[in-house]
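my questions are about this predicted structure, shown below with the sequence.
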Amino acid sequence: MVISSVRFQSSAQSVQAETIPSRLVSQLQLSTSSLWKPLPLPSGRLFGTDGIRGCADRLLTPALAAQVGYCAGHVLVEAAGAAKPILLGQDSRNSSDCLAIALAAGLTAAGLDVLHLGLCPTPAVAYLTSTIDALGGVMISASHNPPNDNGIKFFGSQGHKLPLSVQATIETMLRQSSYLGSNHSFPAPQWNRYSLCPEMLMNYLDAVHAPLLPHGSLSGLKVILDLAWGAAVNLAPIAFTELGAEVICLHNQADGDRINVGCGSTHLSPLQAAVKSHGADMGFAFDGDADRVIAIDGQGRVVDGDYILYLWGQALKQQNALPDNTIVATVMSNLGFERAWNQQGGTLTRTAVGDQYVHAEMMEHGAALGGEQSGHILCPRYSVSGDGMLTALHVANLVKQSGRSLSELVTASFETYPQQLQNVRVEDADCRRNWDNSESLQRAIAQAEADMGNQGRVLIRASGTEPVIRVMVEAATDEMVSHWTAYLVDAVKRYSDTAKA
């Protein structure tokens, strides 16, 4: 589908405003007795590395969303010393409508006004929260997860993810029987106002464009966007066409049954095929909530977060806008990227996996660019959070300004070391958390590392968003990668089977 630039009207009927009909609001106004009803909660932590995430018809029920909203509202008000509005956004999942309204019911019961943006990218919530006198923001999304999953992610008043300590306080309040088991422990519900405010999203779009204007024209570029049936379907096409690009869109309707299914940033083959068949200059694939992006060059090659960091880092370095020529990445970033950046006179600082760790390192040392191989890129100069749409625009702009193609820039950048990542499904949460206490696994890792020496590395970690243990092997040859990946995956499976027994 070829897109022309037509901005949404600033009315309650635009940008999926009708997603939350008034009848749902009335149906989900929870009574005092149901709001306080104790719920069965998992024995492990409820808040993970990216908020609360899980299956929508098991863990994330409307009742839980309402109680989370109520508890979060009170914790945030107490921390801020005042009740201010809170912004709410959502992706296109079938469960997002109901969870958003249930969460809003809990937040309004805690005395907060809720400003609902409707369908929007996660970074829109983060940015807009930082620009108004808001208590915080919250996004209903499970990012790149399958359609049946969903999640709740909170932001503080500056648009950054809530500190782990604040999330822990919310969870403590949620779990304590003194709160959930007795009406007397709760202040009386106040039922403040709920408003649908999709027109605010145009302020976000203007902010994304502002750093590229007046000279950031994408005229002459043909760009394919894979919108993953998700949160970016409305805004991303406009963002590119208003800067002059010719845009062709894939998976460009909000579809809760198909979000992330065989498309988007985790399934790149449709975009690769489209870029080549249309003779496009580049393509960009977003995940379900558009906080990350993976690019495809004109040859159909994958341009992941490592390449994006390298190319954007070079551009910022030329502008003297990259302090100490430092980029912050995670332990997942490719050795080829690190060594090439070092040869450019730069420094690559690594953190644990997770954008919150990248962000913390950047804030501590004043870094201007950081991110993850998965395409979650942070550039505080332009955004308060990882923003797939903003990142894609800047990549397209630096290509246009260079006078070269994205393919040429990638070819001239660096050669990656062969790398393989496999997920081993481990349902038991304690088993996932405690994998590093397994002597058999540690022996297997030590054997792989000893064999590869300085020609490779191993990374095993439990996912914070999915019930899997991730196994990554990187080495100088494909043969070494394949051998040791298979060996370690088998070791993790044997560990999991032993733990179950």
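Cool, got the structure.

which regions of the stretch 151-300 of the chain lie under the pLDDT threshold?
For the stretch 151-300 of the chain, applying pLDDT under 70 flags the ranges 177-189.

can I get the CA coordinates of stretch 439-454 in CSV?
Presented in CSV, the C-alpha positions along stretch 439-454 are these (Å, rounded to 0.1, in the frame of the first residue of the first chain):
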residue,chain,number,x,y,z
GLU,A,439,27.2,-26.8,38.3
SER,A,440,26.6,-28.8,35.1
LEU,A,441,25.7,-25.7,33.1
GLN,A,442,28.7,-23.8,34.5
ARG,A,443,31.0,-26.7,33.4
ALA,A,444,29.5,-26.6,29.9
ILE,A,445,30.1,-22.9,29.6
ALA,A,446,33.6,-23.2,30.9
GLN,A,447,34.4,-25.9,28.4
ALA,A,448,33.0,-23.8,25.5
GLU,A,449,34.9,-20.7,26.6
ALA,A,450,38.2,-22.6,27.0
ASP,A,451,37.9,-24.1,23.6
MET,A,452,37.1,-20.8,21.8
GLY,A,453,39.6,-18.7,23.7
ASN,A,454,39.8,-15.1,22.4
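
so how far is residue 303 from residue 470?
Distance, residue 470 to residue 303, using Cβ to Cβ, to the nearest Å: 22 Å. Where C-beta positions appear, they are placed from N, C-alpha and C, glycine not excepted.

elements contacting the helix or strand that contains residue 486?
Remark: residue 486 resides in helix 478-500, with elements defined by DSSP states H and E. For helix 478-500, the elements it packs on are strand 419-425, helix 429-433, helix 439-452, strand 456-462, strand 468-475, judged by 3 or more Cβ pairs under 8 Å, 6 or more residues apart in numbering; DSSP states H and E.

list the buried residues in that helix.
480, 481, 483, 484, 485, 487, 488, 489, 491, 492, 495, 496 (16 or more other Cβ atoms under 10 Å).

contact partners of that helix?
With Cβ atoms under 8 Å, 6 or more residues apart in numbering as the test, helix 478-500 has contacts from 418-420, 422, 424, 426, 428, 430-431, 435, 438, 440-441, 444-445, 448, 451-452, 455-456, 458, 460, 469, 471, 473-475.

quick check: residue 369 vs residue 314, distance?
Going from residue 369 to residue 314 by Cβ to Cβ gives 10 Å.

neighbour-wise, which of these two wins?
More crowded of residue 369 and residue 314, by other Cβ atoms under 10 Å: residue 369, with 25 against 20.

find me the pLDDT at that one, would you?
At residue 369, the predicted lDDT confidence score is 98.

quick one: mean pLDDT for stretch 64-84?
93.

convert the C-alpha atoms of it to CSV, please.
C-alpha atoms of stretch 64-84 as CSV (Å, rounded to 0.1, in the frame of the first residue of the first chain):
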residue,chain,number,x,y,z
LEU,A,64,-5.5,-7.4,38.1
ALA,A,65,-5.1,-4.3,35.9
ALA,A,66,-7.6,-2.4,38.0
GLN,A,67,-5.7,-3.2,41.2
VAL,A,68,-2.3,-2.4,39.6
GLY,A,69,-3.7,0.9,38.6
TYR,A,70,-5.1,1.7,42.0
CYS,A,71,-1.9,0.7,43.8
ALA,A,72,0.4,2.4,41.3
GLY,A,73,-1.7,5.6,41.6
HIS,A,74,-1.3,5.7,45.3
VAL,A,75,2.4,4.9,45.2
LEU,A,76,3.1,7.6,42.6
VAL,A,77,1.0,10.2,44.3
GLU,A,78,2.8,9.6,47.6
ALA,A,79,6.2,9.8,45.9
ALA,A,80,5.3,13.0,44.1
GLY,A,81,3.4,14.6,46.9
ALA,A,82,0.6,15.6,44.6
ALA,A,83,-2.1,14.1,42.4
LYS,A,84,-1.5,15.0,38.7
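
want to throw the helices and strands packed on helix 478-500 into CSV with mean pLDDT?
Converted to CSV, these look like this (pLDDT from 0 to 100):
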stretch, mean pLDDT
strand 419-425, 94
helix 429-433, 89
helix 439-452, 95
strand 456-462, 92
strand 468-475, 95
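
make a markdown table out of the ones you listed and add mean neighbour count and distance to residue 360.
Output for the helices and strands packed on helix 478-500, formatted as a markdown table (neighbours: other Cβ atoms under 10 Å; distance: least, Cβ to Cβ, whole Å):
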| stretch | mean neighbour count | distance to residue 360 |
| --- | --- | --- |
| strand 419-425 | 16 | 24 |
| helix 429-433 | 16 | 21 |
| helix 439-452 | 15 | 26 |
| strand 456-462 | 19 | 17 |
| strand 468-475 | 22 | 21 |
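
can you give the domain ranges for this protein?
Using automatic domain parsing, the domain ranges for the chain come out as 9-200, 419-500.

for residue 355, which of these is the nearest?
Closest to residue 355 of those is domain 9-200 (Cβ to Cβ; 7.9 Å).

now do that closest one: distance to the chain's middle.
Here domain 9-200 is found 17 Å from its chain centre; the criterion is Cα atoms, centre = their mean, to the nearest Å.

and stretch 440-448, by the same measure?
With Cα atoms, centre = their mean as the basis, stretch 440-448 stands 32 Å off its chain's centre.

what residue lies at the spatial centre of this structure?
residue 291 (4.3 Å; Cα atoms, centre = their mean).

how much space between it and residue 383?
Plainly put, residue 291 is 10 Å away from residue 383 if you go by Cβ to Cβ.

okay, now residue 436: neighbour count?
Look at residue 436: counted by other Cβ under 10 Å, it has 11 neighbours.

same thing with residue 288?
For residue 288, using other Cβ under 10 Å, the count is 34.

export the helices and strands packed on helix 478-500 to TSV and tack on distance to residue 137?
Below are the helices and strands packed on helix 478-500 laid out as TSV (distance: least, Cβ to Cβ, whole Å):
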stretch	distance to residue 137
strand 419-425	30
helix 429-433	28
helix 439-452	39
strand 456-462	28
strand 468-475	28
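
closest to residue 267 out of the ones you listed?
strand 419-425 (14.3 Å).

show me what the closest one is packed against.
strand 468-475, helix 478-500.

okay, these in TSV with distance to residue 209 next?
Output for the helices and strands packed on strand 419-425, formatted as TSV (distance: least, Cβ to Cβ, whole Å):
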stretch	distance to residue 209
strand 468-475	36
helix 478-500	41
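
mind checking which of these is nearest residue 62?
strand 468-475 (27.0 Å).

what residues does the closest one touch?
Under Cβ under 8 Å, 6+ apart, the answer for strand 468-475 is 332, 334-335, 417-426, 432, 435, 448, 452, 455-463, 480-481, 484-485, 488-489, 492, 496.

ditto for stretch 202-215
Contacts to stretch 202-215, defined as Cβ under 8 Å, 6+ apart, come from residues 7-8, 10, 120, 123-124, 127-128, 131, 216, 235, 238-239, 242-243, 381-382, 387, 389-390, 393-394, 397.

report the distance from it to the chain centre.
That offset, for stretch 202-215, works out to 21 Å (Cα atoms, centre = their mean).

between the two ends of it, what distance do you get?
End-to-end distance for stretch 202-215: 21 Å, by Cα to Cα, to the nearest Å.

and that stretch, which residues are buried?
For stretch 202-215, by 16+ other Cβ under 10 Å, it's 202, 204, 205, 207, 208, 209, 212.
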